[in-house]
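Engineer: Any chance you can model this:
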Amino acid sequence: MSEKRVLEKGVVDSKEIVDKGMEKGKNVAGRVATDLGKTMDEIMINLKSLQKDVDSKINEYKEAAPSKIELDLIDAGDSLYVKADLPGVKKEDIDVEILEKELTIKSYFGSSCEDKEGTCNSDKCEFLIKGRKYGPAERTIKIPFKIKTKEAKAEFNNGVLFLELPKVEIKKLKVNIK
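Structural biologist: Predicted coordinates:
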């Protein structure tokens, strides 16, 4: 009986306390969910902006970095042959360095805004598509055999550099076993 009297005098029962706590919890959870959603949206916007910046920097680097010269290395027994594609390059813009087991080819692909006469119109130049190489290009490869560097031959024709690299003969010594 004393319990009933306490309830009648304005003391809230436990169910009511739990209900009010649940309501407050729902309100707090709703605000947290809303704030979290806004934060996630801001993170996504910032990530997309960062991705654009990174892509821009990568493209700037690709345009400024030396291009890689495309080539084939062919083993033909006594010699190695190299065919390197250098379209539009002048013979005097090619540099070849050969060490015993290393080959470096350096070149320069003309200005990006030259017209067919070879004059540069960079003031009027705006690329709509840019897929060709311009500027310096370089390629260094390790050669799997020692080369007779003084006997190497080079020829340049129709944009293809052709190198003949004679191999150093490896003399085999037969050892007699006693």
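
Engineer: drop to CA atoms for contacts and neighbour counts, all remaining ones
Structural biologist: Will do.

Engineer: quick one: least confident helix or strand in the protein?
Structural biologist: When each helix and strand of the chain is scored by mean pLDDT, DSSP states H and E, helix 2-8 comes last, with a mean of 50.

Engineer: Helices of this protein, start to end?
Structural biologist: In the chain, the segments counted as helices under DSSP state H are 2-8, 14-64.

Engineer: Tell me, how many residues neighbour Ile45?
Structural biologist: 12 (other CA atoms under 10 Å).

Engineer: From Arg31, how far off is it?
Structural biologist: From Ile45 across to Arg31, the span is 21 Å (CA to CA, to the nearest Å).

Engineer: same question, Ile17
Structural biologist: In terms of CA to CA, Ile17 sits 21 Å off from Arg31.

Engineer: Ok, Arg132 next?
Structural biologist: Distance, Arg132 to Arg31, by CA to CA: 54 Å.

Engineer: who has more neighbours, those two?
Structural biologist: Between Arg132 and Arg31, Arg31 has the larger neighbour count (other CA under 10 Å), namely 12 against 8.

Engineer: Now do the same for the more buried one: its pLDDT.
Structural biologist: The score at Arg31 is 82. That number is its pLDDT.

Engineer: Likewise for Ile43?
Structural biologist: So, for Ile43, pLDDT stands at 87.

Engineer: how does the protein divide into domains?
Structural biologist: 1-65, 67-166 (automatic domain parsing).

Engineer: need those domains in CSV with distance to Lys174, can you?
Structural biologist: Formatted as CSV, the domains of the chain follow (distance: least, CA to CA, whole Å):
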stretch, distance to Lys174
domain 1-65, 51
domain 67-166, 21
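
Engineer: Determine which stretch of those domains is the most buried.
Structural biologist: Of all the domains of the chain, domain 67-166 has the most neighbours on average by mean count of other CA atoms under 10 Å, namely a mean of 14.

Engineer: I'd like the distance between the most centrally placed residue in the chain and Lys52.
Structural biologist: Central residue of the chain (CA atoms, centre = their mean): Ile58, 7.1 Å from the mean position. From Ile58 across to Lys52, the span is 10 Å (CA to CA).
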